[in-house]
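*Asks:* A structural model of the following input is requested.
(chains A and B)
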Amino acid sequence: MEIVARASTPAVDVQINDTALRLRIREYARQQRKELRTNTTDALRFGLGQIKDKISELENLGIKDVQGMASRIKRRKHATGEDMYRLSHAFLQGNENITAFAEVQGATQVIIKEFTGTQMQRQIEAAECLCNYSLGDAHVCEKITTMAGSYLVTFLDSKEPRLKRSCLWTLANILATCTKSASMLLQMQLASKLWKLYTLPVNDINGYHEDAAICLYLIANRAASSITAEDRRYIAENLHKKQPGEAAADYLMYIVFQLEIVSRERDLCAPHFQHLLQFFVENLNLNMNTAADKLRIVYGVRVVANIFATRPSMGQLELQAEHLVNVLNKLFALRDTNLTMDLMQLLKNLIEAQLLDNELLLEHIRVYA
Amino acid sequence: MSSATLLTKAQLQNALNSISAGFLTSAEANKTEPILSPFKKLGVLIDLEDIEEAKETKIPLYKNVNTKTTQTQYYSCIQCRRQLPTAHLLDLHITEQHDLYFAVSVERGDKPHYTCYIEECPLKFFLPAERKDHCIKVHKFPANYRFDQGKLPTKAKSSIRKATNAMDVNVGENMNDGKLPYIKAFSFGHPTQRTFNSRKEKALLDVQAMREALDDMD
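*Replies:* Model (predicted):
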């Protein structure tokens, strides 16, 4: 009947085509809305207990509920999407829920089993559940690291952006909580993996630079002593992959300084020194209004001071005297006491390195008392 | 105003003389006030709709990142269809399980061939067990690491068992104590898994079986 109608009236045919097209456009718009909504949800991140203030219509989940859910998933040796959703919400509601779950022997293993399974959606849900679980105390983080640390590090190379991001968030929570876990993660070559993500080309739409930079910052801040010589060498060899002006470039100098990448023991070659010096000059924003600006200036000065302390030869560094003096004068003009102290150290190291005409340098430099 | 407090060349020289040249260390720097505020741990809010939709949608109409249940997000082995989460693990799997050249190189035993599961680790080992020990001791991997290549996938294992029985060969000699991996033999347009032929005992399922069949012909 349909064929007859189509053959007899071409107008109806056009109408059917129009309807199909409209349906497709509607479906496409629906998908796009959903994608945007999910991205917004992804951006919704909460601290421990904060969720109660933000969302009024929240299912109140207590220790008893968590224990019940934990025993159920343990009994079934499997956690459904809904189980993990409820557990995630319970973890967000308070530390007592996290502790209660951690106390149930074998429950964490079930979540990890889902996390390492073959169904991507389930893996993502488990990763998000683990992320909220990592809001717990040091012993919980240690448990996660022992059981799932290797997978968290492995999945940083995964193709699924949401899984990758959840792993980065979980790792950041762990690194911020427990030094023992941090050193264990560093043994899994986490630092090199993070550096790879940090220095990915900027055209990557998913952009993990900021999250990777936060993890590296936490390592540099809390576990710099646990970082291995191989990791340090890897970072030193791949310094040039981070360019000024790229996402999360503010953290670079802090990481380089805290991890002592520039030191007497390490043989950084001339291009690396040149890159760091150029990075410092190009990335400089000459005001100290924001924390990012301060981070960039303060640690940039310290790294450059250490570069000069290695006594590089004339051939190793191409210094444009006039430009360098200009930059130093602008920095001295900020008249920040701690910064001036570091700048004086930089100046002393520069003079000792005999890279420029020292007399001329002292004549042109403007230091305020 | 600024010129009033500007140091003269002599004053600057004096100030610099009181400083000794050297490295600034992180220990000294940490004495000053931290620039960034302390890191605040954050969790993530999951949307129940996503979970429900993923349950309902078996094959998504459009490639949506969040409801993806297809296998495109994995690295799959074209030969045995094993799915692995990273390119490095897939690379190791293909080399160790399906590469005849690798198998011969391992058999020769002149240099280590088994690469560490961590891409960034440059070490290589003679035996999968040595690699496993290394991963557990040095990299703190769990003993039951899920993506361990030492273990053969169940499908492959059963195929080997079938092939061994079918060709009625000496088991010890056939598997070379597990050294020779499972490598699928050639198919001439009629893959074994789709055939109606029930006479599986004649199928040459792997290279080992094929080699022995050729020996028999001689």
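*Asks:* now the strands: where do they sit in chain A?
*Replies:* A:45-46 (DSSP state E).
*Asks:* what's the domain layout of it?
*Replies:* The record's domain parsing of chain A by automatic domain parsing lists A:1-35, A:45-188, A:203-369.
*Asks:* Show me what whichever strand or helix holds B:Glu96 is packed against.
*Replies:* Using DSSP states H and E, B:Glu96 sits within helix B:87-98. If you count contacts as 3 or more Cβ pairs under 8 Å, 6 or more residues apart in numbering or on different chains; DSSP states H and E, helix B:87-98 packs onto strand B:75-76. Where C-beta positions appear, they are placed from N, C-alpha and C, glycine not excepted.
*Asks:* How about the contacts made by the nearest residue to A:Gly62 once chain neighbours are set aside?
*Replies:* Once flanking residues are discounted, A:Gly62 sits nearest to A:Asn97: 7.2 Å by Cβ to Cβ, 6 or more residues apart in numbering or on different chains. Taking Cβ atoms under 8 Å, 6 or more residues apart in numbering or on different chains, we find A:Asn97 in contact with A:61-63, A:66, A:90-91.
*Asks:* do the same with A:Glu125
*Replies:* Neighbouring residues of A:Glu125 by Cβ under 8 Å, 6+ apart: A:81, A:84-85, A:88, A:114, B:46, B:51.
*Asks:* Where does confidence bottom out across these?
*Replies:* Lowest pLDDT among the contacts of A:Glu125: B:Ile51, with 58.
*Asks:* pLDDT below threshold where in the chain?
*Replies:* Picked chain A for this. A:1-12, A:34-35, A:37-44, A:50-58, A:203-206, A:264-267, A:314-316 (pLDDT under 70).
*Asks:* ah, I was thinking of chain B
*Replies:* B:1-4, B:47-71, B:150-205, B:218.
*Asks:* where do the helices sit along it?
*Replies:* B:9-17, B:26-29, B:48-56, B:87-98, B:100-108, B:128-137, B:154-167, B:171-175, B:207-217 (DSSP state H).
*Asks:* just the stretch 251-369 of chain A next, same as before
*Replies:* Listed in chain order, the helices of the stretch 251-369 of chain A (DSSP state H, counting those that start in this stretch) span A:252-258, A:270-282, A:291-309, A:321-333, A:337-353, A:358-364.
*Asks:* In stretch A:209-225, which residues are buried?
*Replies:* Neighbour-count burial for stretch A:209-225, counted by 16 or more other Cβ atoms under 10 Å in any protein chain shown, picks out A:209, A:211-224.
*Asks:* filter these down to the ones close to chain B.
*Replies:* For chain B, the contacts drawn from those by Cβ under 8 Å from any Cβ of the partner chain are A:214, A:217-218, A:224.
*Asks:* Tell me which two of the contacts of A:Glu125 sit farthest apart.
*Replies:* A:Glu114 and B:Ile46 (13.5 Å; Cβ to Cβ).
*Asks:* Need the overlap of contacts for these two.
*Replies:* Common neighbours of A:Glu114 and B:Ile46 (Cβ under 8 Å, 6+ apart) are A:84, A:125.
*Asks:* Look up the closest residue to residue 139, ignoring the ones flanking it.
*Replies:* No chain specified, so I'll use chain A. A:Ala102 (7.1 Å).
*Asks:* wait, chain B
*Replies:* Nearest non-adjacent residue to B:His139, counting by Cβ to Cβ, 6+ apart: A:Met188, 5.0 Å away.
*Asks:* for A:Glu260, same thing?
*Replies:* Leaving aside its chain neighbours, A:Glu260 sits nearest to B:Ser26 (6.4 Å; criterion: Cβ to Cβ, 6+ apart).
*Asks:* ok, that neighbour - contacts?
*Replies:* A:224, A:257-258, A:260.
*Asks:* Quick check on the residues you listed: which are buried?
*Replies:* Buried subset of the contacts of B:Ser26 (neighbour count, 16+ other Cβ under 10 Å): A:224, A:257-258, A:260.
*Asks:* Which single one of the residues you listed is nearest to chain B?
*Replies:* Nearest to chain B among these, counting by Cβ to the nearest Cβ, is A:Gln258 at 4.9 Å.
*Asks:* how about the nearest residue to that closest one, chain neighbours excluded?
*Replies:* A:Ala220 (3.6 Å).
*Asks:* My read is that that neighbour contacts A:Ile261, right?
*Replies:* No: in this structure, A:Ala220 is not within contact of A:Ile261 by Cβ atoms under 8 Å, at 10.0 Å.
*Asks:* Overlap of the contact sets of these two?
*Replies:* A:Ile255.
*Asks:* ok, how many other residues are close to the residue nearest to A:His139?
*Replies:* 20 (other Cβ atoms under 10 Å in any protein chain shown).
*Asks:* Tally up the residues packed near residue 15, please.
*Replies:* In the absence of a named chain, this looks at chain A. 11.
*Asks:* looking at chain B here, not the other one
*Replies:* 15.
*Asks:* Look up how far A:Lys348 lies from it.
*Replies:* 9 Å (Cβ to Cβ, to the nearest Å).
*Asks:* overlap in contacts of the two?
*Replies:* Between them, B:Ala15 and A:Lys348 share no contacting residue, judged by Cβ under 8 Å, 6+ apart.
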